[in-house]
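> pasting a predicted model and its sequence here:
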Amino acid sequence: MSHGTFIAVEVSDDARQDAELAKKLEEACPVDIFKAGNGQVEIVEENLDECVLCRLCLDASPPGAVRVLKLYDGGAEL
Ligand code: SF4
């Protein structure tokens with residue numbers, strides 16, 4: 001689990017190990033919150049609060065694999 005001040009991004013354990021998904025997420029996110037490193041999904045902590053709530057990461061991944069939580073809104077899920 002990775003937390004910025006305003007946004008948290010959670011990636012399920014299965015999805016985290018998915019090298020192909022890691023590349024898709026890296027390409028999808030306009031503010032570089034995801035990084036494909038060592039065949040795994042990595043979260044770039046310092047970019048978390050740049051999230052523009054565009055949902056592209058959700059569209060690029062299987063249901064439930066990625067969750068974007070709005071911490072400023074009581075942790076509501078995007
Ligand atoms: S909602 Fe958009 S900006 Fe936020 S993490 Fe997903 S792809 Fe990146």
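All right, it came through fine.

> geometric centre of this protein: which residue is closest?
Centroid-nearest residue in the chain, with Cα atoms, centre = their mean: Val9, separated by 4.7 Å.

> make sure that residue is indeed in a helix.
No. Applying DSSP: H, G, I helix; E, B strand; the rest coil, one finds Val9 to be strand, outside a helix.

> quick one, helices of this protein?
Taking DSSP state H as the test, the helices found in the chain are 13-16, 19-28, 56-59.

> and these: which comes nearest the ligand?
The ligand lies closest to helix 56-59 among the helices of the chain, at 3.2 Å (Cβ to the nearest ligand atom). For glycine as for every other residue, the C-beta is placed from the backbone atoms N, C-alpha and C.

> send the alpha carbons of that closest one over as PDB?
Taking Å, rounded to 0.1, in the frame of the first residue of the first chain, the C-alpha atoms of helix 56-59 are listed here in PDB:
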ATOM      1  CA  LEU A  56      -6.800   5.300 -17.000                       C
ATOM      2  CA  CYS A  57      -5.000   3.000 -14.600                       C
ATOM      3  CA  LEU A  58      -8.300   1.400 -13.700                       C
ATOM      4  CA  ASP A  59      -9.300   1.000 -17.400                       C
END
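
> what separates that helix from the chain centre, distance-wise?
9 Å (Cα atoms, centre = their mean, to the nearest Å).

> in that helix, which residues are buried?
Under the neighbour-count criterion of 16 or more other Cβ atoms under 10 Å, helix 56-59 has 57-58 buried.

> low-confidence stretches in this protein?
Applying pLDDT under 70 to the chain picks out residues 1.

> for the protein, what lies in contact range of the ligand?
Residues of the chain lying close to the ligand by Cβ under 6 Å from any ligand atom are 9, 28-31, 33, 51-57, 68.

> thinking again about what came up before, mind listing what the residue nearest to the centre of the chain touches?
2, 33-34, 43, 48, 51, 57, 66-69 (Cβ atoms under 8 Å, 6 or more residues apart in numbering).

> repeat that for 6 Å
Val9 makes contact with 2, 43, 68, according to Cβ atoms under 6 Å, 6 or more residues apart in numbering.
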